[in-house]
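Q: pasting the structure only:
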């Protein structure tokens with residue numbers, strides 16, 4: 001299952017988007033994961049400073 005972002009927790013710092021090896025994350029007012037492109041590698045989960053991203 002692709003990464004999920006808790007939009008209420010996300011501070012839109014962009015760390016996840018910078019670490020995503022396939023560019024599946026964009027940041028607007030919060031991070032948004034393109035589910036079709038996510039390869040479930042977990043890089044975004046590891047770098048999120050607020051633990052707002054999960055792989056379920």
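A: Cool, got the structure. Here the structure is a predicted model, which means the values were calculated and not measured.
Q: ok, residue 35 touching residue 2?
A: Yes - counting by CB atoms under 8 Å, residue 35 does reach residue 2; the two are 4.2 Å apart. C-betas here are computed from N, CA, C, even on glycine.
Q: So those two - more neighbours on which side?
A: Set side by side, residue 35 and residue 2 show more neighbours around residue 2, with 14 against 11, by other CB atoms under 10 Å.
Q: Model confidence at that one, what's the number?
A: As predicted, residue 2 sits at a pLDDT of 95.
Q: which residue packs closest to it, ignoring adjacent ones?
A: Distance criterion CB to CB, 6 or more residues apart in numbering; nearest residue to residue 2, sequence neighbours excluded, is residue 38 at 3.7 Å.
Q: for the one you found, what are its contacts?
A: 2, 3, 22, 24 (CB atoms under 8 Å, 6 or more residues apart in numbering).
Q: nearest residue to the last one other than its sequence neighbours?
A: This means residue 24. Among residues not flanking residue 24 along the chain, residue 37 sits closest, at 3.7 Å (CB to CB, 6+ apart).
Q: Same question for the second one.
A: Leaving aside its sequence neighbours, residue 3 sits nearest to residue 33 (CB to CB, 6+ apart; 4.8 Å).
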